[in-house]
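Student: Could you work out the structure for the sequence below:
(chains A and B)
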Amino acid sequence: GNSVTQMEGPVTLSEEAFLTINCTYTATGYPSLFWYVQYPGEGLQLLLKATKADDKGSNKGFEATYRKETTSFHLEKGSVQVSDSAVYFCALSEAGANSKLTFGKGITLSVRP
Amino acid sequence: DTGVSQDPRHKITKRGQNVTFRCDPISEHNRLYWYRQTLGQGPEFLTYFQNEAQLEKSRLLSDRFSAERPKGSFSTLEIQRTEQGDSAMYLCASSSSGGAYEKLFFGSGTQLSVL
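Tutor: Residues are numbered from 1 along each chain as shown, chains lettered A, B, ... in the order given. Now for the predicted structure:
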């Protein structure tokens, strides 16, 4: 079956530091890949997505590239802000699966001023 | 766009009691999903509706769980004879049906605690 593996957390960074959060996946077909973010007290919201190999998703300074050869979708940001403190979930949706998502465990990011 | 609403935000119940949660999706969305999230884990898919039809149920959804979406609008998730293992955050999401993938909009969830 499908699965998503995220690096262990939590992660604590100083403001303006570089961020990488690792994500790898297992899927039987050609999934679409996503990063969702959950800010404190709020619901999950889509941060970025990529629907085919070598696509790069980007939003709010975050980027992730769909790497089929390494089955990875690592999230990066060049300079994090305190407002980026949240829980980040990597997820996949298999083609034809009616948008049903399989999530990783999530990782908590805390950014210190 | 008023977002996806879930009610209640928190529910505390005793083991063996029945509970019901409600989800109001974004009004023009015809797809509705229920997920369950336990502490330290990502959300796990429970079930999915397209309009009023329940098209898929996870093996996680035991016989004690039932979901409905009458008239293809709001949805309810009922858990009968609750167990301590049912304690979790129950998330609802909705989307429109269009291309190969449509963005899911999530509610803030209902936190269930079974004592």
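Student: Around chain A, pick out the residues from chain B.
Tutor: Taking CB under 8 Å from any CB of the partner chain as the test, the list of chain B residues beside chain A reads B:3-4, B:31, B:33, B:40-45, B:48, B:50, B:55-56, B:91, B:93, B:95, B:97, B:100-109. Any C-beta I mention is one placed from the backbone N, CA and C, and that applies to glycine too.
Student: Could I get the contacting residues of residue B:68?
Tutor: Counting by CB atoms under 8 Å, 6 or more residues apart in numbering or on different chains, residue B:68 touches B:54, B:75-76, B:78.
Student: out of the residues of chain B next to chain A, which are buried?
Tutor: Buried by 16 or more other CB atoms under 10 Å in any protein chain shown: B:4, B:31, B:33, B:42-45, B:48, B:91, B:93, B:95, B:101-102, B:104-109, out of those.
Student: Closest to the centroid, which residue in chain B?
Tutor: Residue closest to the average C-alpha location in chain B (CA atoms, centre = their mean): residue B:34, at 3.1 Å.
Student: Chain A against chain B: which residues are in contact?
Tutor: Counting by CB under 8 Å from any CB, chain A sits next to chain B at A:4, A:32, A:41-46, A:49, A:51, A:89, A:91, A:93, A:95-96, A:98-106.
Student: Just the residues you listed: which are in helices?
Tutor: Using DSSP state H, no member of the residues of chain A next to chain B falls in helices.
Student: tally of neighbours for residue B:53?
Tutor: 9 (other CB atoms under 10 Å in any protein chain shown).
Student: is it in a bridge, and if so with what?
Tutor: Using DSSP bridges, the bridge partners assigned to residue B:53 are residue B:50.
Student: So for the residue of chain B found nearest chain A, what's the nearest residue that isn't a sequence neighbour?
Tutor: Closest to chain A within chain B is residue B:42: 3.1 Å, counting by CB to the nearest CB. Once flanking residues are discounted, residue B:42 sits nearest to residue A:103: 3.1 Å by CB to CB, 6 or more residues apart in numbering or on different chains.
Student: And residue A:38, by the same measure?
Tutor: Leaving out its chain neighbours, the residue that sits closest to residue A:38 by CB to CB, 6+ apart is residue A:87, at 4.5 Å.
Student: so which strand or helix has the one you found?
Tutor: strand A:86-93 (DSSP states H and E).
Student: And that strand, what's buried?
Tutor: A:86-93.
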